[in-house]
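**Student:** take this sequence and fold it.
(one chain, ligands or ions: 2)
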Amino acid sequence: MVALIPDHARVNTSPQTILKDVFGYRNFRGEQQAIIESALDGRDSLVIMPTGGGKSLCYQIPAMLREGTGLVISPLIALMQDQVTALNEVGIAAEFLNSSQSFDEMRSVTARLKRGELQLLYIAPERLATEHTRALLREIPISLIAIDEAHCVSQWGHDFRHDYLSLGELGALFPGVPRMAVTATATDRTRDEIVARLELNEPGIFIAPFDRENISYSVQVKTDAKRQLLKFLQARRGEAGIIYCLSRKKTESVAAQLCEQGFEALPYHAGLDSDVRRENQRRFLAEDGLIIVATIAFGMGIDKPNVRFVAHFDLPKSMESYYQETGRAGRDGEPAAAWMVYGLQDVVRLRQMLDESQAAEDYKRYERYKLDALLGWCEVTGCRRRPLLAYFGDSLAEDCGNCDGCLVPVKTWDGTEAAQKLLSAIYRTGQRFGAAHIVDVLLGKATDKIGQHGHDQLSVFGIGQDMASATWRSATRQLVVAGHLRADAERYGALVLTDTSRGVLRGETPLQFREDPKLPAATVRRSSGVRAAVVTEDEGLWEALRDCRQMLAKEHEVPAYVIFHDKTLQEMLQYRPKTAAEMLDISGVGQTKLDRYGDRFLEIIRQQ
Ligand code: ADP
Ligand code: ZN
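**Tutor:** Numbers count the residues shown, from 1 in each chain. Ligands and ions are numbered 1, 2, ... in the order given. Below is the predicted model of the structure:
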């Protein structure tokens with residue numbers, strides 16, 4: 001689609017005017033305005049904002065206001081396409097250059113660029129590394145350079161991209177052009193690394209609060225994972241969501257099972273045929289209420305605003321991953337749920353994968369630290385949001401009231417004696433067995449394995465009959481997480497004692513364990529925010545508005561939310577605009593969208 005540069009998007013307008021007229025939003029969020037001003041002053045900046053925080057506007061608006069074309073460097077080809085489509089929809093002249101294009105497409109983009117027609121050009125980092133592209137870009141005025149996913153420059157991060165290293169040269173190549181590095185994840189260490197490696201010049205540093213208030217967090221202990229998942233999904237029929245699994249096979253089996261239960265669910269992983277993968281992603285973006293069951297191959301660059309839940313069927317590998325993955329829920333600001341189940345097996349497997357990896361030792365140590373932080377977080381007994389934010393250097397004055405820890409307070413119990421029994425049983429059986437056998441010994445069960453090894457002759461046999469097997473498993477898991485026990489990768493996950501076990505055995509380390517709640521049914525608020533907000537008598541209009549959006553989306557071959565977000569339809573429902581001027585007051589309706597779609601929606605509202 002060819003977009004003309006609208007007059008109102010030219011220099012001499014204010015950021016506020018562009019926000020209103022082009023994007024159709026009333027107010028800047030958080031520090032957006034300060035970030036934009038800083039870029040307009042020609043300064044470099046580092047912007048750290050959670051997913052969904054509104055990073056794009058921070059560079060799009062100054063890029064439009066300054067003379068020349070704004071460059072946006074992004075490693076995610078899928079995201080480029082999405083962003084360019086969305087920008088064209090609001091009437092901004094944007095294009096992209098990446099390896100997915102044909103020669104002719106590239107030539108046409110280059111020609112437009114040279115003619116000075118483009119307000120924004122999205123470009124892949126590897127493309128920018130070529131001499132040819134650099135020469136091309138030096139011929140034209142550049143308004144600003146945005147470096148998206150800037151944490152990819154960090155060699156310690158999990159998304160390290162080699163091509164990002166050469167981006168440090170941009171300052172020298174384009175002197176006087178402000179650069180803006182943006183990312184959703186950055187610890188202090190990564191922050192410093194980004195500034196250093198990108199050679200940002202005395203950057204303004206903007207760090208948005210990390211709290212995603214609309215996301216409710218909940219973590220359950222895995223008992224019967226599939227049943228737990230179904231229970232969670234029961235209240236969410238018809239909502240779009242992502243379910244993460246560790247293995248490709250599991251994504252397929254879970255998706256199939258959900259379909260049997262009447263959900264619309266599709267698998268997604270790197271092993272699928274690329275056509276299937278693309279089609280499943282396309283459907284997820286385009287349709288309402290689809291569930292995608294995916295490995296972490298899915299999600300980078302998923303921009304769908306109305307993802308109502310992200311569920312983790314297996315543990316992610318760090319708090320950073322967890323935060324980023326769950327951050328894909330509720331980008332529209334409406335209530336959304338982050339739900340996870342985890343158990344001892346996950347802990348053992350993730351630690352094992354790390355132990356066996358070929359990576360450098362200091363890297364592995366850092367990864368282990370990150371995994372342990374996540375495991376510790378799973379076991380917290382109070383509000384979950386506070387430690388989550390604390391991990392990212394943020395704080396919350398009060399408990400959030402919107403997580404399982406707040407809604408269903410966890411009880412704790414003195415586990416010192418139980419831990420001693422458990423560690424003794426492991427020691428006496430020679431540190432060669434997994435949790436299941438150890439628990440059998442404690443409970444005094446007469447299994448074949450016990451008979452075979454003569455474990456019924458040991459003093460520890462049957463000393464744990466005062467507790468249920470689930471409680472013993474829970475204690476085992478918590479000891480592993482706390483580092484008082486370790487699963488030995490070389491011996492098939494056999495539990496072995498650690499340096500700190502001795503202190504526990506001697507009673508020098510008092511332990512508090514969390515009592516795993518019984519399968520909680522209503523730990524989180526119902527998340528169907530958008531629909532729940534629609535009262536029944538409006539149901540007809542709501543459906544009509546949605547149908548209209550779906551039809552327009554088909555006609556224009558874009559995802560429905562590119563036409564209008566749920567939030568925008570919701571405001572139409574609430575305020576019932578009758579005229580074009582009233583329509584412009586609706587959040588998400590700018591001049592271009594009003595011109596394109598306003599009449600169709602006004603028509604529907606008038607008919608009511
Ligand atoms: P990020 O890149 O930080 O993950 P986006 O830039 O994609 O987030 O913004 C997330 C959503 O919020 C988008 O749908 C965007 O249009 C919307 N948005 C951004 N800024 C504002 C604002 N000031 N008012 C209303 N909506 C906004
Ligand atoms: Zn809380």
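**Student:** which residues are in contact with stretch 569-583?
**Tutor:** Contact with stretch 569-583 is made by 530, 533-534, 538, 541-542, 545-546, 549, 585-589, 594, 598, 601-602, 605-606, 608, as judged by C-beta atoms under 8 Å, 6 or more residues apart in numbering. (C-beta placed from N, C-alpha, C; glycine too.)
**Student:** narrow these to just the buried residues.
**Tutor:** By the neighbour-count criterion of 16 or more other C-beta atoms under 10 Å, the contacts of stretch 569-583 include these buried positions: 530, 534, 538, 541-542, 545, 549, 586-589, 594, 598, 601-602, 605.
**Student:** out of those, which is nearest to ligand 2?
**Tutor:** Val530 (22.8 Å; C-beta to the ion).
**Student:** mind pulling up the pLDDT for the closest one?
**Tutor:** pLDDT for Val530: 45.
**Student:** residues from this structure in reach of ligand 1?
**Tutor:** 25, 27-29, 32, 49, 51-57, 303, 305, 331 (C-beta under 6 Å from any ligand atom).
**Student:** count of neighbours near the spatially closest residue to Ser474 that is not a sequence neighbour?
**Tutor:** With sequence-adjacent residues excluded and distances taken as C-beta to C-beta, 6 or more residues apart in numbering, Ser474 is closest to Asp516, at 4.8 Å. If you count neighbours by other C-beta atoms under 10 Å, Asp516 ends up with 21.
**Student:** host element of Asp516?
**Tutor:** In this assignment (DSSP states H and E), Asp516 forms part of neither any helix nor any strand.
**Student:** can you give me the pLDDT of it?
**Tutor:** pLDDT, read off for Asp516, is 80.
**Student:** any idea how far Leu407 is from it?
**Tutor:** 16 Å (C-beta to C-beta, to the nearest Å).
**Student:** still on that earlier bit, from the residues of the chain next to ligand 1, pick the one nearest Ala359.
**Tutor:** Each of these was checked against Ala359 using C-beta to C-beta; the closest is Thr51, at 26.3 Å.
**Student:** thinking again about what came up before, Ala470 is in contact with the residue nearest to Ser474, correct?
**Tutor:** Yes: using C-beta atoms under 8 Å, Asp516 is in contact with Ala470, at 7.2 Å.
**Student:** where does pLDDT dip in the stretch 351-500 of the chain?
**Tutor:** 489-490, 492 (pLDDT under 70).
**Student:** residues from it in reach of ligand 2?
**Tutor:** Cys383, Arg385, Asp399, Cys400, Cys403, Cys406 (C-beta under 5 Å from the ion).
**Student:** quick one, which of those residues are buried?
**Tutor:** Cys383, Arg385, Cys400, Cys403, Cys406.
**Student:** would a markdown table of the residues you listed with secondary structure be doable?
**Tutor:** Below are those laid out as a markdown table (DSSP: H, G, I helix; E, B strand; the rest coil):
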| residue | secondary structure |
| --- | --- |
| Cys383 | coil |
| Arg385 | helix |
| Cys400 | coil |
| Cys403 | strand |
| Cys406 | helix |
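**Student:** farthest-separated two in those residues?
**Tutor:** Of all pairs in those, the most separated under C-beta to C-beta is Arg385 and Cys406 at 7.9 Å.
**Student:** what residues are shared contacts of these two?
**Tutor:** Asp399, Cys400.
**Student:** okay, domains of the chain per the record?
**Tutor:** Per automatic domain parsing, the structural domains of the chain span 7-207, 215-407, 412-516, 533-607.
**Student:** quickly, which of these bottoms out on average pLDDT?
**Tutor:** domain 533-607 (a mean of 85).
**Student:** and Met340, which of the three is it?
**Tutor:** Looking at Met340 with three-state DSSP, the answer is strand.
**Student:** which ones are touching Phe298?
**Tutor:** By C-beta under 8 Å, 6+ apart, Phe298 lies in contact with Ile242, Tyr244, Tyr268, His269, Gln281, Ile292.
**Student:** so which of these comes closest to Pro75?
**Tutor:** For these, the nearest to Pro75 is Gln281 (16.8 Å; C-beta to C-beta).
**Student:** and the residues of the chain next to ligand 1, which of them are in helices?
**Tutor:** Gln32, Lys55, Ser56, Leu57 (DSSP state H).
**Student:** closest to ligand 2 among those residues?
**Tutor:** Among these, and counting by C-beta to the ion, the member closest to ligand 2 is Lys55, at 25.9 Å.
**Student:** that closest one contacts Leu46, correct?
**Tutor:** No: proximity of Lys55 to Leu46 does not meet the contact threshold set by C-beta under 8 Å, at 11.5 Å.
**Student:** overlap in contacts of those two?
**Tutor:** In contact with both Lys55 and Leu46: Val182, using C-beta under 8 Å, 6+ apart.
**Student:** any idea how far the closest residue to Glu117 other than its chain neighbours is from ligand 2?
**Tutor:** In this structure, Glu117 finds its nearest non-sequential neighbour in Ala93, 5.7 Å apart by C-beta to C-beta, 6+ apart. Using C-beta to the ion, to the nearest Å, one gets 45 Å for the distance from Ala93 to ligand 2.
**Student:** how many residues are close by Ala93?
**Tutor:** Ala93 has 22 nearby residues by other C-beta under 10 Å.
**Student:** compute the number of surrounding residues for Arg112.
**Tutor:** 16.
**Student:** as a check, name the ranges of all strands in the stretch 301-450 of the chain.
**Tutor:** Under the criterion DSSP state E, counting those that start in this stretch, the stretch 301-450 of the chain carries strands at the ranges 309-312, 336-342, 412-414.
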